[in-house]
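[1] Give me coordinates for this.
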Amino acid sequence: MQDFYLIVNWLVTIALLTLGVVTVLKNRNLTLNRVFALFTVTVGIWIIASYISNDVTNSPRVSVIGNYFVFLFSYISGYLLLWFAVALARDAKAANRLRRLTIPILLIGAINCTPLVVAGAKRQGSVYAVEFGPLAVLYFLSLVILLVGAMVILHKNIKRTDGHQKANLKVLYRCMAVALPILLLTEFVLPAITGWFGLTNVGIIAMAIPVVGLYYGVVKFKLFELRFLVVRSLGYVITLGVLLLYYGVFSYYATTLLQNLNNAFLSDGLKVVLLVVIAVTYAPLKRIFDKLTNSLFYRDAYDPQSLFDRLNQMLVSTLDLDKLLNQIAFLLAQELKAQFCLVGLKEVAGRAQRVIGTEHRDIKFEDIMAIRKLTVRYHQSVIATDYLEDKAHKELKRLLTRNDVAVLVRLAPNVARSEEGLGYLALGPKKSGNPYTSQDFRVLDTIANELIIAIQNALHFEEIQNFNKTLQGKVVEATKELRRTNDKLKTLDETKDDFISMASHQLRTPLTSVKGYLSMVLDGDAGKLTAMEHKMLTQAFVSSQRMVYLISDLLNVSRLKTGKFVIERTPVNLSDMINDEIAQLKEAAATRSLSLQYDKPKAFPLVALDETKTRQVIMNFIDNAIYYTPGGGHIHIELEELSSSVELRVVDDGIGVPKSEQHHLFTKFYRAGNARKARPDGTGLGLFMARKVVIAQGGAIIFKSAEHKGSTFGFSFPKTTTEAK
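    Down below sits the predicted model:
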C-alpha cells in the first residue's frame with residue numbers, strides 16, 4: 001500500500017510542477033502565472049517532505065526536520081493558494097488587503113518551523129507521529145483562515161464574472177470544496193484529536209483532485225492559455241502509450257516463441273523488424289491521435305491564413321458594397337462557426353443605416369442607436385460581451401446580451417479616439433457553445449482593418465456613381481470655365497516667375513557691391529574703426545550676406561519652375577569648401593557668443609559636385625545652426641570619409657524641431673512654430689532648396705532632431721573620385 005501512496009504522490013507532484021513550470025515559461029510577466037508557479041513548488045516540497053518525514057527515515061531528528069518543512073510549506077501553500085484565487089478572480093480590493101497582511105502572515109509562517117509548533121516526533125507503527133508544540137493551534141487556525149479565505153474569494157467572484165474566468169473559478173472552487181475537507185481532516189484534525197497519523201498519506205492523495213481540475217480548466221476553459229500545448233502533449237502521450245502497449249505485448253510473445261526455438265539469429269532479426277515497424281507506423285498513428293484530439297478539443301478550429309486568403313479574394317472581386325458585405329458575413333459565420341454574422345453601416349453617402357448579413361434579425365432601432373453611442377467610449381476594436389466589466393460597461397453588456405451578440409467589432413480607423421467609425425461587425429455565439437478565443441479576437445482585429453479600407457473604397461465608388469448622374473450636364477460648362485481660368489493662372493504664373501527672376505538678377509549685382517565694400521571697410525582698408533563702428537558694420541555685412549543667399553534661393557526656385565535648374569559638376573574638395581563657408585560665418589557666430597568648431601580632415605578625396613549650389617547648402621545648414629542656437633551654445637561641423645561615401649553633419653544644441661512638425665520641414669515655405677518665434681524673418685526656402693540640390697546630385701539628406709535638445713543637419717554623397725588633394 002505504501003508503494004501505491006508513493007506512486008500517487010509522485011504523480012501528483014510531477015503533474016503539478018510540470019504545469020507550474022510550463023505556465024511561468026508561457027508568460028512570466030503575469031502575476032497569476034508567477035503565483036501559480038510558486039504554489040506548485042511549495043506543494044511539491046510539502047508532499048516530498050511529508051513522505052520523507054513519515055516513510056523514509058528511521059531517525060526522529062530527520063522526521064522533526066521534515067515536519068518543519070511540512071508545516072512551513074503547507075502554510076505557505078495556503079497563502080499562495082489565497083493569492084492564486086485573488087489573481088484568478090482579478091479582485092483588486094482583496095489584493096490590496098492581502099498585501100497589507102503579508103508581513104504578519106509570513107511571521108506566523110516562520111513560527112511554523114520552530115519547536116513552538118513541532119516539538120518532536122515518535123514512532124507510531126509504520127509512520128512517525130508529530131509531537132505538537134504549544135503554538136500548533138495558531139498554525140492550524142491560520143492555515144484554515146487562509147484556505148477559507150481562498151474559498152470565500154472564489155465564491156464571491158463567481159457571481160460577478162463571466163465566460164472563461166467564471167468557468168475557471170467554478171472548477172477551482174468545486175475541486176477545493178472536495179479536496180480541502182479531506183486534506184484538513186486526515187492531515188491535521190484526526191492527528192490533533194486522536195494522535196493517530198495513519199491517514200496522512202491518504203490526505204496527500206486528495207491533492208490529485210485540484211490537479212485534475214486545473215488540467216481540466218486548461219483544456220476546457222483555456223486557463224493560462226496552455227490548451228494547445230496540453231492537448232498536443234495528450235496526443236503524444238496516447239500515441240506513445242498505444243505504441244508501448246501494442247509493441248510490448250507483441251515483442252513479449254514473439255520473444256517467448258523464439259526463446260523456445262533457441263535461435264539467436266531469428267531473435268536479433270525480430271528486434272530489427274520491431275524497430276522498423278515502430279519507425280514506419282509512428283507517424284500515421286500520431287496523425288490519427290492528432291485528429292482525435294482535434295475532434296474532441298478543437299471542434300471550432302480553422303486556418304487563419306486560409307480565411308485571410310479567401311477574404312482578400314472577395315475584397316478585390318467587387319465594388320458592390322451590399323454584395324461584398326453579404327459575402328464577407330457568410331464567410332465569417334462559416335469559418336468562426338458563429339450562429340450569425342451581421343455587418344452594420346451608419347448613415348453615409350445619402351443612404352440610411354443598413355444591416356447586411358447571414359440572417360434577418362429584428363434589432364430595435366433604439367438598441368442600435370444606444371450601442372452606437374456607448375461603443376465610442378470603448379477604446380478597442382474587438383468587444384467581447386463576456387469580457388465587458390460589469391460596472392464600466394454594464395449598459396453596453398446588457399444591450400449586446402439582449403440581442404444575442406457575442407462579439408462586436410468596431411469598424412473605426414482609430415479606436416483610440418472617441419469616434420464611431422464606419423460601422424460594426426456583429427457575431428452571434430458559436431454553434432458549438434464554446435466561447436470565442438484570443439485567436440478569434442486577433443483574426444477579427446486584422447479583418448476589421450482590411451474591411452475598413454474595402455468599405456471606404458466601395459463608398460467612394462458609390463459616391464462617384466451618384467455624382468456622375470448629376471455631373472455630366474455640368475461638365476462642359478465647368479470645363480470651359482476652368483480652361484479660361486487656367487489660362488489666366490498660367491499667364492500670371494509666368495509673369496510672376498519672370499518678375500522674380502528679373503528682380504533677383506537686378507538685386508544681386510548691387511548687393512554684391514555693398515557686401516564687397518563692407519568687407520573692405522571691416523578689413524581696415526578705409527582706416528581704423530571704433531568698436532561700435534566695427535559692430536554696426538559687421539551686422540550690416542551679415543545682413544547683406546543673408547540677402548545674397550536669399551536671392552540665390554529665389555533664383556533657384558524660379559529655375560526649378562522654368563526647368564532651368566542645371567547641375568554643373570566639377571571635382572571639388574568639400575573640406576576646403578566647408579572651411580571657406582565657416583570663415584564667412586564666424587563673425588555671425590561670435591556676435592551670438594557661439595562655439596563654432598570644425599575638425600578639418602588633413603586629406604580628403606575630390607567629389608564631383610556643383611560647387612556653387614553645394615556651398616549654398618553648407619552655408620544654409622551652418623547659418624540655421626547659428627540662428628537657432630541660444631547664446632553660449634555649441635555648433636560642431638563633422639566631415640567624414642566612409643568606404644563608399646562622404647558625409648557632412650552640422651550638429652547643434654539649439655531649439656530643435658518638434659517631432660510633430662518634422663515631416664513638413666523640407667517642404668517649400670514651411671517653418672516650424674518654434675523657428676518662427678526665434679527668427680520671424682525666415683522664408684522657409686533654405687531647407688527646401690538644400691534638399692533639391694542634394695537629391696539632384698545623387699545624395700541624401702541627413703536629419704535628426706529633438707525639441708530643446710538640438711538638431712543634426714547634413715548630407716551624404718557617393719564618392720566618384722578618390723584622389724586626395
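
[2] Now do the helix ranked longest in the chain: which elements does it pack against?
    Using DSSP state H to define each element, the chain has its longest helix at helix 438-522. Under the contact criterion of 3 or more C-beta pairs under 8 Å, 6 or more residues apart in numbering; DSSP states H and E, helix 438-522 touches helix 304-315, helix 321-335, strand 382-384, strand 407-411, strand 423-427, helix 531-562. Just so you know, the C-beta spots here come from the backbone N, C-alpha and C atoms, and that holds for glycine as well.

[3] Is it possible to get JSON lines of the ones you listed that adds distance to residue 634, mean pLDDT and mean neighbour count?
    Below are these laid out as JSON lines (distance: least, C-beta to C-beta, whole Å; pLDDT from 0 to 100; neighbours: other C-beta atoms under 10 Å):
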{"stretch": "helix 304-315", "distance to residue 634": "54", "mean pLDDT": "86", "mean neighbour count": "14"}
{"stretch": "helix 321-335", "distance to residue 634": "60", "mean pLDDT": "87", "mean neighbour count": "19"}
{"stretch": "strand 382-384", "distance to residue 634": "51", "mean pLDDT": "87", "mean neighbour count": "22"}
{"stretch": "strand 407-411", "distance to residue 634": "50", "mean pLDDT": "89", "mean neighbour count": "24"}
{"stretch": "strand 423-427", "distance to residue 634": "56", "mean pLDDT": "89", "mean neighbour count": "25"}
{"stretch": "helix 531-562", "distance to residue 634": "20", "mean pLDDT": "72", "mean neighbour count": "16"}
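
[4] can you tell which of those is closest to residue 400?
    strand 407-411 (6.2 Å; C-beta to C-beta).

[5] contact partners of that closest one?
    Contacts of strand 407-411 from elsewhere in the structure, counted by C-beta atoms under 8 Å, 6 or more residues apart in numbering, are 371, 375, 378, 380-385, 400, 421-427, 436, 440-441, 444-445, 447-448, 451-452, 455.

[6] And for stretch 713-720?
    So stretch 713-720 is in contact with 605, 607-609, 617, 621, 624-625, 638, 641-642, 644-650, 687, 690, 694, 697-703, going by C-beta under 8 Å, 6+ apart.

[7] Determine the angle, from 0 to 180 degrees, between the longest helix of the chain and strand 423-427.
    150 degrees (axes from the mean of the first three to the mean of the last three C-alpha atoms, to 10 degrees).

[8] Give the rounded mean pLDDT of helix 438-522.
    Taken as a whole, helix 438-522 has a mean pLDDT of 75.

[9] ok so, going back, need the helices and strands packed on helix 438-522 in CSV (columns: distance to residue 281).
    Below are the helices and strands packed on helix 438-522 laid out as CSV (distance: least, C-beta to C-beta, whole Å):
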stretch, distance to residue 281
helix 304-315, 30
helix 321-335, 34
strand 382-384, 43
strand 407-411, 43
strand 423-427, 42
helix 531-562, 76
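
[10] Residue 703 contacts residue 694, doesn't it?
    No. With contact defined as C-beta atoms under 8 Å, residue 703 does not reach residue 694; the gap is 11.0 Å.

[11] quick one: which of those two has more around it?
    Of the pair residue 703 and residue 694, residue 694 is the one with more neighbours under other C-beta atoms under 10 Å, namely 23 against 17.

[12] orientation of the longest helix of the chain relative to strand 407-411 in degrees?
    Interaxial angle of helix 438-522 relative to strand 407-411 (the same axes, to 10 degrees): 20 degrees.

[13] What's the separation between the closest residue to residue 588 other than its chain neighbours and residue 78?
    Leaving aside its chain neighbours, residue 588 sits nearest to residue 542 (4.9 Å; criterion: C-beta to C-beta, 6 or more residues apart in numbering). Distance of residue 542 to residue 78, given as C-beta to C-beta, to the nearest Å: 81 Å.

[14] Contact partners for residue 677?
    By C-beta under 8 Å, 6+ apart, residue 677 has no neighbours at all.

[15] Now it: which helix or strand?
    helix 673-678 (DSSP states H and E).

[16] Next, the buried residues of that helix.
    Within helix 673-678, the residues that count as buried by 16 or more other C-beta atoms under 10 Å are 674-675, 678.

[17] before we move on, what about stretch 637-654?
    Using 16+ other C-beta under 10 Å as the burial criterion, the residues of stretch 637-654 that qualify are 637-639, 641, 646-654.

[18] What segments of this structure are strands?
    118-124, 127-132, 341-345, 354-357, 382-384, 407-411, 423-427, 570-572, 595-598, 607-609, 634-641, 645-652, 700-706, 710-718 (DSSP state E).

[19] How about the contacts made by residue 394?
    Residue 394 touches residue 388, counting by C-beta under 8 Å, 6+ apart.

[20] Over to the one 10 residues further on?
    Listed by C-beta under 8 Å, 6+ apart, the contact partners of residue 404 are 339, 428-429.

[21] And the pLDDT at it?
    So residue 404 comes in at 85 (pLDDT).

[22] how near is the residue nearest to the spatial centre of the chain to residue 122?
    Residue closest to the average C-alpha location in the chain (C-alpha atoms, centre = their mean): residue 442, at 12.4 Å. Note on residue 442: its distance to residue 122, by C-beta to C-beta, is 61 Å.

[23] same question, residue 302
    Residue 302 is 64 Å from residue 122, by C-beta to C-beta.

[24] the more surrounded of those two?
    residue 302 (15 against 11).

[25] I'd say the more buried one and residue 335 touch.
    Yes. Counting by C-beta under 8 Å, residue 335 is a contact partner of residue 302 at 4.9 Å.

[26] Centre of the chain to the helix holding residue 677, how far?
    36 Å (C-alpha atoms, centre = their mean, to the nearest Å).

[27] Equivalent analysis for stretch 570-582, please.
    47 Å.

[28] cool, stretch 337-355 as well?
    30 Å.

[29] Go ahead and produce CSV holding the CA coordinates of it.
    Extracted in CSV, the C-alpha atoms of stretch 337-355 (Å, rounded to 0.1, in the frame of the first residue of the first chain):
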residue,chain,number,x,y,z
LYS,A,337,-18.8,28.7,-36.6
ALA,A,338,-21.0,31.6,-35.5
GLN,A,339,-24.8,31.4,-35.3
PHE,A,340,-25.0,34.6,-37.3
CYS,A,341,-22.8,37.4,-38.6
LEU,A,342,-24.1,40.9,-39.4
VAL,A,343,-22.4,44.0,-40.9
GLY,A,344,-24.0,47.3,-39.9
LEU,A,345,-23.1,50.6,-41.6
LYS,A,346,-24.1,54.0,-40.4
GLU,A,347,-25.7,56.7,-42.5
VAL,A,348,-23.4,57.6,-45.3
ALA,A,349,-23.4,58.9,-48.9
GLY,A,350,-27.1,59.9,-48.6
ARG,A,351,-28.2,56.4,-47.6
ALA,A,352,-29.8,55.4,-44.3
GLN,A,353,-28.0,53.0,-41.9
ARG,A,354,-28.1,49.4,-43.2
VAL,A,355,-27.6,45.9,-41.7
